[in-house]
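*Asks:* Using only what follows, build the 3D model:
(chains A and B)
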Amino acid sequence: MSRDASLETIRRTYRKLAKLHHPDLNPGDAKAEAQFKRIAAAHQLLSDPDKRARFDRGEIDARGDEKPRPSSYRDYADTEAGRRYAPGGAGRSDWEGADLNDLFGNMFGDMPPPRGARRANQRGPDQHFTLAATFLDAVNGATKRLNLPDGRVLDVKIPIATTEGDVLRLRGQGGAGQVGAGKGGNGDALIEIHIIAHPFFRREGADIRFELPVSLQEAVLGGFIEVPTPSGKLRMRIPAASDSQTQLRLRGRGVPAHGTAEAGDLYAILRVTLGKPDAALEGFLQTWQPENGTNPRQAMEALL
Amino acid sequence: MSGIETVVAQDTSLNAREVQRWIDKGWVRPRMQAEIYVFDVIDIARIRLIHELSFELRIDELALPVVLNLLDQIHAHRRRLHDLSAAINLLASPDLKQALAQQMLRGQSADS
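*Replies:* This is a model prediction of the structure:
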């Protein structure tokens, strides 16, 4: 980094280095921890214009600025408390018979059940998955098949009007409960939906907006055109003399009605397209005397 | 009263809605007691970590669960290693411990 690096450069560099050396991302690595302390101190110093100037003049050195950090995640994660965030879900032992067999071979015969299993009646852990849904599936609802890492297949019903980050809960489809007195029950599968953006349609709450290209003829003369919409093809009337940016509303053609929510609207925003050069059009325009010739930049010029 | 407010009150950079969202996504898993979240020190440290990862290091929402999952796996492995070394310490004779250490060092040099 150069002496006159901007604040933004400093921040970016800090982020880049911190991602590599953050002690919670390098548990057990004392070198990363020391390195991170230096990075954080340097960032602290260079973000403060006063301190930076003093540093540049050699009045202070970088070390004086190291701050003690509050207790870190890694301090707890390696202890008993960390089992809460064990990959298989809380309450499970870190060890399974299979691990031990990996280490020691099958020489001891079947391993005793792991520690976590002693707690009878425990409900199975919730399991978290993500599912990518297309824009239209999220708007109109759909059933999607989700293949789980353990080989199971879940049919996930994506409800109408699902939004990014919504979490669907499938009861009893998570991790198996501990079969004690048989009351534990399975955990739930929690499925987080990510929506794949659509090239044309955009959602704003219950409404959907999109840009609708129209030809010069359609814009000037108006008429009926066929338009692909999220609910299929629709015939739509373009009023005569429709300018670019004209907004046409198709009532109730946005996100469909669901529950107590009414259907949203679909907004088409017109964009007049000229298409390829056309000799007849050019010839006409050269001799054309506009009936109401106004300056389209009038409003702009009035401001300057 | 959800219990989130107490956590948020201790650290002004946190916001309750954000923390609730992390809980909904399963990134933070406090205990539940009578419909109220109870945060242990590890939960609070994890909230602080997620906050740092997303706001200071700008790790985005899609990458964050990947990072957390890998981190959880590392810690599970580290807990296993601690268990294993505790078991060895408890059960192995001094001779066996030394032999194990030597074998591990040999394995390391064979790899590199």
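*Asks:* tell me the SS of whichever residue of the stretch 101-250 of chain A sits closest to chain B?
*Replies:* Minimum separation of the stretch 101-250 of chain A from chain B (Cβ to the nearest Cβ) falls at residue A:128, amounting to 4.4 Å. All C-beta atoms are positioned from the backbone trio N, CA, C, and that covers glycine. Assigned state for residue A:128: strand (three-state reduction, DSSP: H, G, I helix; E, B strand; the rest coil).
*Asks:* go on, residue A:4?
*Replies:* In three-state terms, and counting by three-state DSSP, residue A:4 is coil.
*Asks:* for chain B, what spans make up the strands?
*Replies:* Here chain B has its strands, by DSSP state E, at B:31-33, B:36-38.
*Asks:* Ok, which of the ones you listed comes nearest chain A?
*Replies:* Chain A lies closest to strand B:31-33 among these, at 8.3 Å (Cβ to the nearest Cβ).
*Asks:* For the helix ranked longest in chain B, buried residues please.
*Replies:* The longest helix of chain B (DSSP state H) is helix B:64-91. By neighbour count with 16 or more other Cβ atoms under 10 Å in any protein chain shown, helix B:64-91 contains the buried residues B:64, B:67, B:68, B:71, B:72, B:74, B:75, B:76, B:78, B:79.
*Asks:* Show me which residues of chain B are close to chain A?
*Replies:* Residues of chain B lying close to chain A (Cβ under 8 Å from any Cβ of the partner chain) are B:21, B:24-26, B:29, B:40-43, B:45-46, B:48-49, B:52-53, B:56-59, B:61-62, B:65, B:67, B:69, B:71-76, B:78-80, B:82-84.
*Asks:* quick one on the thing from earlier: same for the longest helix of chain B, what does it pack against?
*Replies:* Packing partners of helix B:64-91 (3 or more Cβ pairs under 8 Å, 6 or more residues apart in numbering or on different chains; DSSP states H and E): helix A:73-77, helix B:94-111.
*Asks:* Pull the contacting residues for residue B:82.
*Replies:* Residue B:82 sits next to residue A:78 when contact means Cβ atoms under 8 Å, 6 or more residues apart in numbering or on different chains.
*Asks:* rewinding a little: may I ask which two of the buried residues of helix B:64-91 are separated the most?
*Replies:* Farthest apart among those by Cβ to Cβ are B:64 and B:79. That separation is 22.3 Å.
*Asks:* give me the low-pLDDT residue ranges for chain B?
*Replies:* Within chain B, the segments meeting pLDDT under 70 span B:1-2, B:107-112.
*Asks:* isn't residue B:32 right next to residue B:38, touching?
*Replies:* Yes. Using Cβ atoms under 8 Å, residue B:32 makes contact with residue B:38 at a distance of 7.2 Å.
*Asks:* residues near residue 51, how many?
*Replies:* All of this is about chain A. Residue A:51 has 17 neighbouring residues, counting by other Cβ atoms under 10 Å in any protein chain shown.
*Asks:* should've been chain B
*Replies:* The number of residues packed near residue B:51 is 17, by other Cβ under 10 Å.
*Asks:* Now for residue 45, how many residues are close by?
*Replies:* With no chain named, the answer covers chain A. When neighbours are defined as other Cβ under 10 Å, residue A:45 has 21 of them.
*Asks:* oops, I was thinking of chain B
*Replies:* For residue B:45, the neighbour count with other Cβ under 10 Å is 21.
*Asks:* gap between it and residue A:242?
*Replies:* 59 Å (Cβ to Cβ, to the nearest Å).
*Asks:* so which of the strands of chain B is the most packed in?
*Replies:* Each of those was scored by mean neighbour count; the highest is strand B:36-38, a mean of 15, by mean count of other Cβ atoms under 10 Å in any protein chain shown.
*Asks:* what lines up beside that strand in the sheet?
*Replies:* Sheet pairing for strand B:36-38, assigned by DSSP bridges, gives strand B:31-33 (antiparallel).
*Asks:* Centre of the chain to the strand it pairs with, how far?
*Replies:* From the chain centre to the centre of strand B:31-33 is a distance of 19 Å (Cα atoms, centre = their mean, to the nearest Å).
*Asks:* element containing residue A:194?
*Replies:* Using DSSP states H and E, residue A:194 sits within strand A:189-196.
*Asks:* by contact count, what packs against the very next helix or strand once past that strand?
*Replies:* Sequence order places strand A:202-204 as the next helix or strand after strand A:189-196, per DSSP H and E. When contacts are defined as 3+ Cβ pairs under 8 Å, 6+ apart, strand A:202-204 packs onto strand A:207-215.
*Asks:* buried residues in the following helix or strand past the strand it packs on?
*Replies:* Moving toward the C-terminus from strand A:207-215, the next helix or strand (DSSP H and E) is helix A:216-221. Of the residues in helix A:216-221, A:218, A:219 count as buried by neighbour count, 16+ other Cβ under 10 Å.
*Asks:* Please, where are all the helices along chain A?
*Replies:* With DSSP H as the criterion, chain A has helices at A:7-21, A:30-47, A:49-56, A:73-77, A:97-104, A:135-140, A:216-221, A:279-287, A:298-303.
*Asks:* Just send those back as TSV, with mean pLDDT and distance to residue A:262 too.
*Replies:* Below are the helices of chain A laid out as TSV (pLDDT from 0 to 100; distance: least, Cβ to Cβ, whole Å):
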stretch	mean pLDDT	distance to residue A:262
helix A:7-21	87	44
helix A:30-47	85	50
helix A:49-56	81	54
helix A:73-77	85	45
helix A:97-104	66	54
helix A:135-140	93	15
helix A:216-221	95	31
helix A:279-287	93	44
helix A:298-303	86	36
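*Asks:* got these as a markdown table, with distance to residue A:199 columns?
*Replies:* Shown next, in a markdown table, are the helices of chain A (distance: least, Cβ to Cβ, whole Å):
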| stretch | distance to residue A:199 |
| --- | --- |
| helix A:7-21 | 31 |
| helix A:30-47 | 40 |
| helix A:49-56 | 45 |
| helix A:73-77 | 40 |
| helix A:97-104 | 46 |
| helix A:135-140 | 9 |
| helix A:216-221 | 22 |
| helix A:279-287 | 29 |
| helix A:298-303 | 31 |
